[in-house]
Structures are given as C-alpha cells and as structure tokens.
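K.L.:
what follows is a predicted protein model with its sequence.
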Amino acid sequence: MNSRDIMAIPDVQGSADSRQLPINKVGIKSIRHPVKVLDKGRGVQHTIAVFNMYVGLPHNFKGTHMSRFVEILNTNEREVSVENFESMLRNMVVRLEAETGHVEMNFPYFINKQAPISKVSSLMDYDVTFFGEILAGGEYRQTTKVVVPVTSLCPCSKKISERGAHNQRSHVTISATTNDFVWIEELVEMAESQASCELYGLLKRPDEKYVTERAYDNPKFVEDLVRDVAGVLNADQRIDAYVVESENFESIHNHSAYALIERDKRKLTPAT
C-alpha cells in the first residue's frame with residue numbers, strides 16, 4: 001500500500017460528532033506489558049503489569065485512536081518504569097489530542113523478608129497499582145496503592161475467652177497521593193507495623209510461636225487498624241492525601257469486617 005492509498009483511508013474516529021456529549025474516559029483496558037520498578041533493597045525489580053489507559057474525549061470528536069495507546073506503551077524500550085511514567089502520560093495526552101489522561105498500572109511486587117526468630121528468608125508478594133493522571137490545565141498527579149496482607153486478632157474474643165482468641169488474615173489497603181518519592185516498601189511497612197502481626201512466606205516452629213504470641217499481645221479491631229495506619233500517614237509530609245482500608249476475613253463468621261478512612265491533607269478541615 002503506497003502513501004496515496006493510506007491518505008485515501010477515511011479517519012472515522014477523527015470525524016465530528018454533533019451530540020454535544022464529552023466522554024470522561026475512553027481507551028483500552030487489561031493490556032499486559034513488562035515494567036521496571038525501583039526496589040529499595042536490590043535497585044530494580046522486573047515484573048509484568050496490567051495497564052488501563054484512558055483519555056478524556058471532547059464532545060466534538062466521534063472517537064479516539066485506540067492503536068495509539070499500544071504504540072505509546074511500546075515506545076518505552078519494551079519496559080515502562082517509574083521514571084518514565086509521567087512522561088508516558090504526557091505523551092499519551094499529546095498523541096491522542098486530549099486535555100486529560102489517566103493510566104493505571106497494576107503489578108505484583110515482591111519483598112524478601114526474614115522470619116523473626118530463625119531468620120530464614122522468603123519472598124512475600126504484594127498487589128501494587130500506580131495511578132497517574134493529567135488533569136485539566138496540565139497538572140500531574142500520582143497515587144500509589146498497595147494491598148498488604150496482615151494478621152488481626154480480635155480484642156473482644158481475647159477479653160471474653162478463657163482459652164485463646166480468634167484471629168484472621170486481613171488486607172490493609174493504602175492509596176497514597178504523594179508530593180515526593182515514597183518507596184513501595186515504606187507503604188508496606190506502614191501497614192504491617194500497625195497490624196496485630198505481619199505475615200511471612202516461610203516460618204519455622206520458633207517463628208510460628210513468636211507470631212502467634214505477638215498477635216495475641218497486640219489485638220486490633222478493624223477500626224483500630226485503619227486509625228493506627230491513618231495516624232502514620234498523617235505524620236508523613238510526603239503524603240498529600242490517602243485512603244486507608246482494612247478488611248478482616250473473619251474466621252468465625254461468613255462475612256468480612258471492613259473500615260475506611262479517607263483524608264486530603266491539603267484541605268485544612270478539622271477531623272470530625
């Protein structure tokens with residue numbers, strides 16, 4: 001096909017639309033691509049991410065050019081990194097002739113952890129998502145979301161039971177909008193440090209004794225978990241806004257317990 005033939009193919013997406021209805025987000029979902037993530041202990045970690053990529057579509061355009069999203073991913077030397085995440089978004093907005101853009105990058109992240117007593121090492125995986133936005137006017141905003149599995153032990157069960165207390169695995173989720181660089185490991189530690197006990201991939205018997213007793217000595221309701229993590233996030237000046245959630249997968253109920261705290265620290269409104 002020569003250039004004259006290409007020029008003759010109509011651009012339907014770029015044609016005018018008369019319905020006067022802008023679209024907030026239009027793009028592609030669930031495309032996998034290699035990514036390179038900064039690793040506090042080892043420098044860099046290679047993994048595979050699932051991307052959602054959107055732009056805002058003005059009311060006068062019929063559609064967006066979906067193929068350009070894939071082209072943008074593939075111009076980053078095969079791997080997207082934290083360093084080029086913002087530039088990729090800005091390039092996307094320019095290439096798609098849009099004013100706003102949004103990219104979600106979800107990937108598994110691995111941290112090598114030592115058991116508390118035996119010191120045996122094993123990998124723990126965490127679910128991480130980077131959210132990048134180009135807002136109207138060109139402002140860039142990035143949010144990092146981590147899902148951290150922990151142990152929670154029920155204070156009420158400990159108080160009323162003669163032998164033991166029920167505990168369960170819980171997910172603490174932190175979504176932090178930052179004004180400076182924050183390691184993934186730091187967000188994970190903020191959650192783990194406030195739980196009844198953190199989790200490990202591999203435990204020997206002395207370790208199992210330690211984590212069981214630590215959880216028993218440190219009971220937390222789901223309300224305690226979100227309040228304690230929120231206190232840590234409030235104290236960190238690099239974090240402008242956050243959502244912290246806790247879901248306890250109850251061991252004696254067929255339902256979960258759940259709590260959420262959301263705060264934008266840039267808005268100086270007193271807590272209620």
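P.N.:
It's in.
K.L.:
just how off-centre is the longest strand seen in the chain within its chain?
P.N.:
Looking across the chain with DSSP state E, the single longest strand is strand 23-39. Taking C-alpha atoms, centre = their mean, to the nearest Å, one finds strand 23-39 lying 13 Å from the centre of the chain it belongs to.
K.L.:
please identify the buried residues of that strand?
P.N.:
Neighbour counts using 16 or more other C-beta atoms under 10 Å place 23, 26, 27, 28, 33, 34, 35, 36, 37, 39 of strand 23-39 among the buried residues. Just so you know, the C-beta spots here come from the backbone N, C-alpha and C atoms, and that holds for glycine as well.
K.L.:
pipe those residues into JSON lines and attach distance to residue 154 and pLDDT per row.
P.N.:
Below are the buried residues of strand 23-39 laid out as JSON lines (distance: C-beta to C-beta, whole Å; pLDDT from 0 to 100):
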{"residue": "23", "distance to residue 154": "47", "pLDDT": "83"}
{"residue": "26", "distance to residue 154": "46", "pLDDT": "90"}
{"residue": "27", "distance to residue 154": "44", "pLDDT": "89"}
{"residue": "28", "distance to residue 154": "44", "pLDDT": "90"}
{"residue": "33", "distance to residue 154": "42", "pLDDT": "91"}
{"residue": "34", "distance to residue 154": "42", "pLDDT": "90"}
{"residue": "35", "distance to residue 154": "38", "pLDDT": "90"}
{"residue": "36", "distance to residue 154": "41", "pLDDT": "89"}
{"residue": "37", "distance to residue 154": "35", "pLDDT": "91"}
{"residue": "39", "distance to residue 154": "35", "pLDDT": "90"}
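K.L.:
can you redo those as TSV with distance to residue 223?
P.N.:
Listed next are those as TSV, based on distance: C-beta to C-beta, whole Å:
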residue	distance to residue 223
23	39
26	39
27	38
28	39
33	39
34	40
35	35
36	38
37	32
39	33
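K.L.:
sheet partners, orientation included, of the helix or strand containing residue 143?
P.N.:
If you go by DSSP states H and E, residue 143 is part of strand 140-153. Strand pairing for strand 140-153, using DSSP bridges, gives strand 121-134 (antiparallel), strand 167-178 (antiparallel), strand 197-198 (antiparallel).
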